[in-house]
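Visitor: the following block contains a protein sequence and its predicted model.
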Amino acid sequence: RLSNAGMKLQSCFSEAFNPKKDKDKKMACLSIVIAMFRLYFSINTLHLTRNLVNSMSARNAPDFDSFPASQRATYRYYTGRLLVFEDRFAEAE
């Protein structure tokens, strides 16, 4: 069931990340990514999170500072946890 939720969230993310000139949809990307992080960490499929991080740091991603501070902090929390799991401690700080 949870893996089905992951697929649904992935389709929502794809739709929000590639809108046709609709900035409001792109602004929903980070909250979808955070929900996917929570899901992937809970079902222990951390390998799926790497694509999310790559997407959010892509050139066509919205400016990170334009997101609310709470979402930025949560995103950094999960990316920090991911770096710790990958034994990349210096980058996790």
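Guide: Perfect, thanks for sending it.

Visitor: in contact with Y78, which residues?
Guide: Each residue near Y78 by Cβ atoms under 8 Å, 6 or more residues apart in numbering is listed here: I34, F37, R38, F41, T49. C-beta coordinates here come from the backbone N, C-alpha and C atoms, glycine included.

Visitor: just give me the residue closest to the centre of the chain.
Guide: Nearest to the geometric centre of the chain sits V33, at 2.9 Å (Cα atoms, centre = their mean).

Visitor: now that residue, what's its secondary structure?
Guide: For V33, the assignment made with DSSP: H, G, I helix; E, B strand; the rest coil gives helix.

Visitor: ok, it to R76 distance?
Guide: 12 Å (Cβ to Cβ, to the nearest Å).

Visitor: F85 now?
Guide: For F85, the distance to R76 - Cβ to Cβ - is 15 Å.

Visitor: and the helices in the chain?
Guide: Remark: helices assigned in the chain by DSSP state H are 2-17, 23-27, 29-42, 49-56, 69-85, 89-92.

Visitor: which among these is found nearest to P62?
Guide: Set against P62 and scored by Cβ to Cβ, the helices of the chain come closest in helix 23-27, at 4.7 Å.

Visitor: the closest one: which residues count as buried?
Guide: Buried residues in helix 23-27, counted by 16 or more other Cβ atoms under 10 Å: K25, K26.

Visitor: about what we covered before: let me see the contact set for the residue nearest to the centre of the chain.
Guide: V33 touches F13, L52, S55, M56, Y75, counting by Cβ under 8 Å, 6+ apart.
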